[in-house]
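**Student:** I'll drop the sequence and a predicted model, then ask my questions.
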Amino acid sequence: MVGKVLVIEDDGNIAELLRLYLEKEGFGVQIATDGASGVCAVTQFQPSLIILDIMLPVLDGWEVCREIRKISKVPIIMLTAKGETIDKVTGLELGADDYIVKPFEPKELIARIHAVMRRYGEEPEETQKRLAFDKLVINLDSYELLVDGNKVDTPPKELELLFHLAASPNRVYTRNQLLDEVWGFDYFGDSRTVDVHIKRLREKLEGVSDQWSLKTVWGVGYKFERLEK
């Protein structure tokens with residue numbers, strides 16, 4: 001079992017759909033159908049992650065989130081039919097870690113669950129924290145970028161973006177994928193922020209090596225291209 005997920009959802013069809021997909025992924029699942037029982041289940045079930053609906057009987061999702069944050073730092077993904085920015089901001093301010101709007105694709109929710117759990121250390125990282133290429137070292141343990149042996153000051157998000165691309169050489173990522181996987185739920189904006197970060201990284205990396213480069217795939221996105229020699 002890869003972890004335990006508490007689903008706090010009063011719609012029986014959605015709850016059972018989530019159980020089906022989560023158990024297929026190897027998670028242990030417990031379902032609570034109202035806010036009060038959901039808060040109690042946090043202590044009893046000790047979940048690795050909580051999927052929390054907002055429109056709940058007894059206690060709504062906002063109040064449940066407040067109560068959970070008094071006793072636990074367990075990651076929470078808010079699940080709701082509401083999609084306005086103010087609801088997302090409210091969720092963040094109350095301590096939620098991600099937010100997904102109904103109707104949703106179960107595969108997208110599963111991907112978000114894994115991403116959130118990795119950030120919290122509830123799952124092993126799929127990649128190491130240090131990557132090395134010709135004249136390039138990207139170290140997320142120390143948050144350092146070494147270019148041709150010299151430390152280059154790099155903001156955290158730039159470093160995380162470069163690491164994410166370089167961890168899968170030659171894989172093409174769309175801008176929206178990079179926003180979801182690097183910025184996550186912390187960022188409200190459009191895909192132009194990816195372009196800005198790529199531009200700044202190129203200024204630091206241009207011409208350093210002929211064995212790798214940051215490439216634009218026109219009409220799609222970006223990749224860290226590694227040339228085989």
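**Tutor:** That came through, no problem.
**Student:** use CA for all of it now, contacts and neighbours both
**Tutor:** OK.
**Student:** pLDDT value on the residue nearest the centre of the chain, please?
**Tutor:** The centroid of the chain falls nearest to residue 115 when counting by C-alpha atoms, centre = their mean (4.1 Å). pLDDT for residue 115: 81.
**Student:** OK, contacts around it?
**Tutor:** When contacts are counted by C-alpha atoms under 8 Å, 6 or more residues apart in numbering, residue 115 touches residue 181.
**Student:** did I read that right, it in a strand?
**Tutor:** No. Checked against DSSP: H, G, I helix; E, B strand; the rest coil, residue 115 lies outside a strand; its state is helix.
**Student:** and the gap between it and residue 180?
**Tutor:** Remark: distance between residue 115 and residue 180 (C-alpha to C-alpha, to the nearest Å) = 9 Å.
**Student:** What mean pLDDT does stretch 164-175 get?
**Tutor:** 91.
**Student:** May I see the buried residues of that stretch?
**Tutor:** With burial defined by 16 or more other C-alpha atoms under 10 Å, the residues of stretch 164-175 counted as buried are 164-167, 169-170, 172-173, 175.
**Student:** now, among those residues, which is nearest to residue 148?
**Tutor:** Among these, residue 166 lies closest to residue 148 (C-alpha to C-alpha), at 16.4 Å.
**Student:** Let's test this: what are the backbone torsions at residue 76?
**Tutor:** phi -130, psi 130 (degrees, to the nearest 10).
**Student:** residue contacts, residue 105?
**Tutor:** With C-alpha under 8 Å, 6+ apart as the criterion, no residue contacts residue 105.
**Student:** now residue 119
**Tutor:** Going by C-alpha under 8 Å, 6+ apart, residue 119 touches no other residue.
**Student:** What about residue 217? Give its phi and psi, please.
**Tutor:** Taking degrees, to the nearest 10, you get phi -100, psi 100 for the backbone angles of residue 217.
**Student:** Can you get me the start-to-end distance on stretch 204-222?
**Tutor:** End-to-end distance for stretch 204-222: 17 Å, by C-alpha to C-alpha.
**Student:** in a strand, that's where residue 222 is, yeah?
**Tutor:** Yes. According to three-state DSSP, residue 222 belongs to a strand.
**Student:** Pull the number of nearby residues for it.
**Tutor:** Using other C-alpha atoms under 10 Å, residue 222 has 22 neighbouring residues.
**Student:** how far away is it from residue 180?
**Tutor:** From residue 222 to residue 180 the distance is 14 Å (C-alpha to C-alpha).
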